[in-house]
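> okay, sequence plus prediction incoming.
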Amino acid sequence: MRTAISATKKGLGARFDSLESRKISLSGAQSHYTDADFAKESTNLIKSQIQQNSASSMLSQANTQGSFVLSLLP
């Protein structure tokens, strides 16, 4: 009987260790996905900011050139 209890205890310990190892592995994988999502969103934010700055610059140049053209008219 002690042998059966000892074997069961050993088996449960091995399963626990296996599950703990899988938990750590999955946690690491989740961390990588979170990092990748953050990097993607950061890239999208920077891209949007560049587009907004470019649009503002083009609008400013267009307004300046329009004023210049109007100043040439009699």
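That came in fine, so what should we check first? Just so it is clear, the structure is predicted and the values come from calculations on it, not from any experiment.

> so which residues of the chain form helices?
2-72 (DSSP state H).

> so where's it shaky on pLDDT?
For the chain, no stretch has pLDDT under 70.

> go again using 90 as the cut-off
1-14, 16-17, 24-37, 59-74 (pLDDT under 90).

> return the residue of it that is most distant from the centre.
Most distant from the centre of the chain: residue 74, at 57.2 Å, with distances by C-alpha atoms, centre = their mean.

> OK, contacts around it?
Counting by C-beta atoms under 8 Å, 6 or more residues apart in numbering, residue 74 makes contact with nothing. Placement of C-beta: from N, CA and C, glycine included.

> same thing with residue 1?
Counting by C-beta under 8 Å, 6+ apart, residue 1 touches no other residue.

> distance check, residue 30 against residue 53.
35 Å (C-beta to C-beta, to the nearest Å).

> cool, residue 42 as well?
The value you get for residue 42 to residue 53, if C-beta to C-beta is used, is 17 Å.
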